[in-house]
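# Please find the sequence and the predicted model below.
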Amino acid sequence: MRETIQRAAKDLTNAKTAVALTGAGISVESGIPPFRGKGGVWEKIDPMEYATIDAFMRDPAKVWNVLIKEMKEIIDRAEPNEGHKGLARLAEMGILTTVITQNVDGLHQAAGNEDVIEFHGNFAWHRCMDCDASIETPSIDLSRIPPRCGCGGIYRPEVIFFGEMIPPEALTRSQQLSAQCDVMLVVGTSATVQPAAYMPVIAKRSGAKVIEINPEASPLTATVSDYLVKGPAGKAMSGIIAELERLRVS
């Protein structure tokens, strides 16, 4: 891991424009379970019953009670970990321009990243379905389910439900940034879910170095990544930042 951390720090030092793509693996260390895979949310509940826009519109109280209420409680407790903080530090250093994320927890913004493209929206904010007013998740009053705005409208998370489209501007910007960067950090995701999965491919085909940070090798490792920094996101990012700081001083 030491050698790949040094290599990543060197590549980032030489980068003109770096972009990050993140997935559930970076937020697991903050206590947020993944949706897919072993131990994921979809192992416990059927996404077609509780995570589609049709299900929400048909019975918002049911979806709130089974899915959204639990996600609110998890996000209320969650704080950015060293992985999130490391990416924010890269932005402060003028190396990282944008985080493209599949996550819905808002932890990149909480850590300090200002330019975050959310493919799937987020659970960190809710909006009224009648007046469109926004409210932060911790401020939602759960004494009544579904919770309602002062105007009487029902609150819904700013997440993209199954059956809803990814915001076109999010996809367009992500494609443009992936084609323009010279280093892409892929952190905590095997990038197998589209359209996020195609961003490292765009970067690679455009001549960028693709640095993967994951606890284990993934399908991305053998096909797209230039190399793998093997380990948890927090430990890897802490090591990269420490090495970058050392290089700046020397």
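Sure, I can see it.
# Checking my notes, residue 4 in a helix, right?
Yes - per DSSP: H, G, I helix; E, B strand; the rest coil, residue 4 lies within a helix segment.
# From residue 180, how far out is the closest residue to it other than its chain neighbours?
Leaving aside its chain neighbours, residue 4 sits nearest to residue 229 (4.5 Å; criterion: C-beta to C-beta, 6 or more residues apart in numbering). C-betas here are computed from N, CA, C, even on glycine. Counting by C-beta to C-beta, to the nearest Å, the separation of residue 229 from residue 180 is 23 Å.
# How is this structure partitioned into domains?
According to automatic domain parsing, the chain comprises the domains 1-32+80-120+166-250, 33-77+121-159.
# Relative to the whole chain's centre, how far out is the longest one?
Put plainly, it is domain 1-32+80-120+166-250. Computed by C-alpha atoms, centre = their mean, to the nearest Å, the chain-centroid distance of domain 1-32+80-120+166-250 equals 10 Å.
# What mean pLDDT does it get?
In this model, domain 1-32+80-120+166-250 carries a mean pLDDT of 93.
# need the longest strand for this structure.
strand 121-128 (DSSP state E).
# Can you convert the domains of the chain into TSV and add a column each for mean neighbour count?
Formatted as TSV, those follow (neighbours: other C-beta atoms under 10 Å):
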stretch	mean neighbour count
domain 1-32+80-120+166-250	20
domain 33-77+121-159	16
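# My guess is residue 64 contacts residue 146. True?
Yes - applying C-beta atoms under 8 Å as the test, residue 64 and residue 146 come out as touching, 4.6 Å apart.
# Need the contact partners of the helix ranked longest in the chain.
Secondary structure of the chain read by DSSP state H shows that its longest helix is helix 233-249. Applying C-beta atoms under 8 Å, 6 or more residues apart in numbering, the contact partners of helix 233-249 are 1-2, 5-6, 8-10, 12-13, 25-26, 29, 81-83, 85-87, 89-90, 93, 95, 187-188, 213, 229.
# if you look at those, which of them are in helices?
Going by DSSP H, the helices hold 2, 5-6, 8-10, 12-13, 25-26, 82-83, 85-87, 89-90 from those.
# three-state assignment of residue 132?
Following three-state DSSP, we place residue 132 in the coil state.
# Relative to residue 147, how far out is it?
16 Å.
# repeat for residue 72
The spacing between residue 72 and residue 147, counted by C-beta to C-beta, is 9 Å.
# Need the overlap of contacts for these two.
residue 140.
# any idea where the strands of the protein begin and end?
18-22, 96-101, 116-118, 121-128, 134-136, 155-159, 183-187, 209-214, 227-230.
# Quick one: closest of those to residue 57.
strand 155-159 (9.3 Å; C-beta to C-beta).
# same for the closest one, what does it pack against?
strand 121-128 (3 or more C-beta pairs under 8 Å, 6 or more residues apart in numbering; DSSP states H and E).
# quick one, the strand it packs on and strand 155-159 angle?
150 degrees (axes from the mean of the first three to the mean of the last three C-alpha atoms, to 10 degrees).
# Make 34 the starting number, not 1.
Right, with 34 as the first residue, what we last looked at is strand 154-161.
# can you pull up the bridge partners for residue 220?
Here residue 220 sits in beta bridges with residue 55, residue 246, going by DSSP bridges.
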